[in-house]
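Asker: Could you look at this predicted model? Sequence included:
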Amino acid sequence: MNNNNFFSHVITVILAFLSSILLFSCTGKIFEKSIDNNKGKYKIQSDESSQNIVEIDLDRSYREMVLGAVIKNPFSVENMQKGKELMYQYLDDLAKFGITKNYLDKFNVETTDLYVRFLPKNFEEMLILEADTNLILFEHPLHREIIEDGDYYIDADLPKDSNLIWLYAVVPHNYQLDTGVEYEIIESLFLPEHSPQFPLYYEWLHSAKDTDFSTFWYADGRTPLENDFRNALTNAAFRAAEYEEQDRTYNHSQWEKECVKKYFIFKSWSWTDCSHKIYPQGRILIEIPKNTTGLSGVKVRIWRWYRADEVYTDGAGYFYDSKAWSGEAWANDYIGYKVIMKGKRKNNNWDFKDKFVSTHSYKMGYCKLWESPHFTLTHSVSETWGRGVLSNAVYDFCLNAENTNMTLPPNNLRIASWYKSGLGSISTPLLQHGVTLGFPIGNARSFGAMWLYQFLGPIVYFCGWQPAMIVVFDDNIGNYERMITSMWHELSHASHFTCIHNNFDAQTAVNYWNYVVYYESDHGLNDADGPYGNKGDADWERIALTEGWGKFREWYLGERYLNYNCITYNTSDTISFLNSGYLPYNNNEFEYEYAGMFSELYNAHCSMQNLEKLLQLEPASRHSAINTIMFKYNL
């Protein structure tokens, strides 16, 4: 077994193990009611009369993509040049558009873009690529025939189980490729929308949305010569690449009325002058118990041939590409859509990594130019549905924090995630933010804690994989609310870390979390009572405060926004942490006492903001502040 394969398997076992015993491990949950008051509103300014809504249920299993032979590329510099040469044979046919030999002679087919691929060798190199926000990385080749569509691609030429993956992209011809990451230039491209030889085309694409095609091209004495030449050249390039001629009618009544069909090469190749630019748009819904809700704040990739854009859904799951696409239809011409589990809510971002390198993604399908797809992600798509549910939980947590003036979790959360039937757990070790595995504050009291620190820590750091959160989830829609509130519990811990960071400094926050990680991993490995230890253990109150706050916030948000009680794992229950007769409060459940304290203070009208301030105090002053607040509220 090679080293990469060995470390891959070891880390998989480690993370699965840690997720069950380590920091703040909970059972997964989910949400039905939306915190976002704007959810359900159509925020996109779209012309429904020119976009046909197409409903698509996503129930295909998450699967490998199977590719075939290399396909001929009509947008390669080579085929565009061949297309130009072909046009010389039909000058008489082209004369009706004003295209002359002199016009052809002056036109140069020059490289506008490069089709390349990168091979990041480790996580650090992956981060170098991801740092370029203009770089759209495909995990499969764009120049191969698709035999069976899927969501990920395994390159047979790379070492098996190596976790290495080629990433494909289209970049400007002058892009700086020497970033330290291995790369190859596959092909030079000529993309008309990027050519300075088509200035009016570029101007039209970037003009106001309602700029009519015919009004633009015939205004101020302009003629459609440039546009006709561009279309004729592209058609000739398709013919040079040996694509069969196709009927490119739109089958859209309004568009057909406004389109003028033009012919080239004895009517066998044609194009249409239309008044429409395309603004790809649609909606992504996710299945919840007895209903659906929008998939909020996730990235959507939109592509067609060698052009790609990425946009984010809004709170209701609608997406809209504000960059215009040309309405001309070419051979085999569909727009592809893919959901990518990178989330965004204003300035907060999160990334559901699929195992160790790649962000999880799911190909939703292809639609015609004029169609507005509405995708529904069902729970049968296990790998993606669970991540979608948890991503919605992050989005709504951030939205609630903004609306209630609470502290947000750290930005750019890196979330290690994978699906396992019948198992759900979430933990927040915050390795991404400088916390170490089992950092030995004081003397390690057991072999287990020393093993955790000395063995697991170096392996994780050797591979450069340092997640902020570790998530294992299943596809049981009956656990929907439980998945969401568990995520809110963990995000409350992440926000707790930010509180300390903001009030003191980064090192103080790291030291605090190092201690909690070490304490809970040590007790989790050695105590039958669980990772929290027992009341009276050294610094038990730090754990009580940390876990009590997480449990209180989990319960509060679940009750308020989901009508779900995380104590009884049921809806419509009124049990709270104040019902002491319900909970035993054994010595190893002391965190409930602090959760009850937070509940009691909140019920006495102590604000959430003031409760959160308790998390930012040193132990001595915190104890005094708690007593003062309890006295103030007559508790």
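Answerer: Received the coordinates, thanks. Numbering: from 1, shown residues only.
Asker: what's the helix or strand encompassing residue 490 packed up against?
Answerer: Take DSSP states H and E as the rule and residue 490 turns out to sit in helix 480-503. With contacts taken as 3 or more CB pairs under 8 Å, 6 or more residues apart in numbering; DSSP states H and E, helix 480-503 sits against helix 382-404, strand 425-427, strand 469-473, helix 506-526, helix 540-562, strand 564-565. In short, each C-beta sits where N, CA and C put it, glycine included.
Asker: okay, the angle between that helix and helix 382-404?
Answerer: 50 degrees (axes from the mean of the first three to the mean of the last three CA atoms, to 10 degrees).
Asker: Tell me how far helix 480-503 lies from the chain's centre.
Answerer: 19 Å (CA atoms, centre = their mean, to the nearest Å).
Asker: tell me the mean pLDDT for it?
Answerer: When pLDDT is averaged over helix 480-503, the result is 94.
Asker: relative orientation of that helix and helix 540-562 in degrees?
Answerer: 130 degrees.
Asker: tell me which residues of helix 480-503 are tucked away?
Answerer: Going by neighbour count (16 or more other CB atoms under 10 Å), the buried part of helix 480-503 is 480-501.
Asker: Ok, stretch 97-107 next?
Answerer: Result for stretch 97-107 [16+ other CB under 10 Å]: buried residues 97, 99, 103, 104.
Asker: pretty sure residue 67 is in a helix, no?
Answerer: No. Looking at residue 67 with DSSP: H, G, I helix; E, B strand; the rest coil, it is strand, so not inside a helix.
Asker: Can you name the residues that contact the residue lying closest to it once chain neighbours are set aside?
Answerer: Excluding its sequence neighbours, the residue lying closest to residue 67 (CB to CB, 6 or more residues apart in numbering) is residue 144, at 4.1 Å. Going by CB atoms under 8 Å, 6 or more residues apart in numbering, residue 144 touches 67, 68, 69, 70, 71.
Asker: Please verify my assumption that the second one contacts residue 145.
Answerer: By that I understand residue 68. Yes. Residue 68 lies in contact with residue 145 (CB atoms under 8 Å); the separation is 3.8 Å.
Asker: Test my guess that residue 114 contacts residue 174.
Answerer: No. Judged on CB under 8 Å, residue 114 makes no contact with residue 174 at a distance of 9.1 Å.
Asker: More neighbours: those two, which one.
Answerer: Under the neighbour definition other CB atoms under 10 Å, residue 114 and residue 174 were set side by side, and residue 114 has more, 19 against 9.
Asker: Distance of the more buried one relative to residue 184?
Answerer: The gap separating residue 114 from residue 184 is 10 Å, by CB to CB, to the nearest Å.
Asker: and if you look at residue 98?
Answerer: For residue 98, the distance to residue 184 - CB to CB - is 41 Å.
Asker: Next: residue 419.
Answerer: Distance from residue 419 to residue 184, by CB to CB: 33 Å.
Asker: The two - which one has more neighbours?
Answerer: residue 419 (20 against 12).
Asker: May I have the beta-bridge partners of the more buried one?
Answerer: residue 473 (DSSP bridges).
Asker: now residue 564
Answerer: Beta-bridge partners, per DSSP bridges, of residue 564: residue 571.
Asker: Tell me the pLDDT of it.
Answerer: 89.
Asker: Is the residue most central in space within the chain in a helix, a strand, or coil?
Answerer: Closest residue to the average C-alpha location of the chain: residue 342 at 1.6 Å, with CA atoms, centre = their mean. On the three-state scheme (three-state DSSP), residue 342 is labelled strand.
Asker: so how far is residue 134 from it?
Answerer: 15 Å.
Asker: Equivalent analysis for residue 227, please.
Answerer: From residue 227 over to residue 134 (counting by CB to CB), the distance is 27 Å.
Asker: swap in residue 73?
Answerer: Taken as CB to CB, the span from residue 73 to residue 134 is 22 Å.
Asker: do the same with residue 320
Answerer: 19 Å.
Asker: Tell me which of the two has more neighbours.
Answerer: Per other CB under 10 Å, whichever of residue 320 and residue 134 has more neighbours is residue 320, with 19 against 9.
Asker: Okay, and the beta partners of that one?
Answerer: The partner residues for residue 320, given DSSP bridges, come to residue 281.
Asker: sorry, back to before: who wins for proximity to residue 55 among the helices and strands packed on helix 480-503?
Answerer: helix 382-404 (17.8 Å; CB to CB).
Asker: Low-confidence regions, the stretch 201-350 of the chain specifically.
Answerer: Scanning the stretch 201-350 of the chain with the threshold set as pLDDT under 70 gives 209-223, 245-276, 329-332.
Asker: again, 90 this time
Answerer: 201-232, 234-236, 238-279, 290, 324-334 (pLDDT under 90).
Asker: That one: helices as residue ranges?
Answerer: 213-218, 225-240, 253-258 (DSSP state H, counting those that start in this stretch).
Asker: Let me see the contact set for the closest residue to residue 308 other than its chain neighbours.
Answerer: Excluding its sequence neighbours, the residue lying closest to residue 308 (CB to CB, 6+ apart) is residue 136, at 4.6 Å. By CB under 8 Å, 6+ apart, the contact set of residue 136 is 169, 170, 301, 303, 308, 309, 310.
Asker: got it, and residue 298?
Answerer: 284, 312, 313, 339, 340, 341, 342, 343, 344, 388, 391.
Asker: where's the residue lying closest to residue 236 once chain neighbours are set aside, which helix or strand?
Answerer: Once flanking residues are discounted, residue 236 sits nearest to residue 83: 3.4 Å by CB to CB, 6+ apart. If you go by DSSP H and E, residue 83 is part of helix 77-87.
Asker: Please apply the same query to residue 93.
Answerer: Assigned by DSSP H and E, residue 93 falls within helix 91-94.
Asker: Wait, a strand at residue 379?
Answerer: No. Assigned with three-state DSSP, residue 379 falls outside any strand and is coil.
Asker: tell me the contacts of it?
Answerer: 287, 385, 475, 476, 477.
Asker: Please repeat the previous calculation with a cut-off of 7 Å.
Answerer: 287, 385, 475, 477 (CB atoms under 7 Å, 6 or more residues apart in numbering).
Asker: Strands along the stretch 151-300 of the chain, start to end?
Answerer: 167-172, 182-189, 260-264, 269-273, 277-278, 281-288, 291-294, 298-304 (DSSP state E, counting those that start in this stretch).
Asker: Deepest-packed of the ones you listed, please.
Answerer: The highest average neighbour count among the strands of the stretch 151-300 of the chain, using mean count of other CB atoms under 10 Å, belongs to strand 281-288 at a mean of 23.
Asker: counting contacts, what elements does that strand pack onto?
Answerer: strand 291-294, strand 318-320, strand 371-377, helix 382-404 (3 or more CB pairs under 7 Å, 6 or more residues apart in numbering; DSSP states H and E).
Asker: Now tell me which helix or strand of the chain has the poorest mean pLDDT.
Answerer: Least confident helix or strand of the chain, by mean pLDDT, DSSP states H and E, is helix 447-451 with a mean of 40.
Asker: In terms of helices and strands, where is residue 611?
Answerer: Using DSSP H and E, residue 611 falls in helix 608-613.
Asker: quick revisit: can I get the helix or strand just after the helix holding residue 93 in CSV, CA atoms only?
Answerer: For helix 91-94, the succeeding helix or strand toward the C-terminus, using DSSP H and E, is helix 101-106. The C-alpha coordinates for helix 101-106 follow below in CSV (Å, rounded to 0.1, in the frame of the first residue of the first chain):
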residue,chain,number,x,y,z
LYS,A,101,-12.5,38.2,-49.0
ASN,A,102,-10.9,41.3,-47.7
TYR,A,103,-12.9,41.1,-44.5
LEU,A,104,-11.7,37.5,-44.0
ASP,A,105,-8.1,38.3,-44.8
LYS,A,106,-8.0,40.9,-42.0
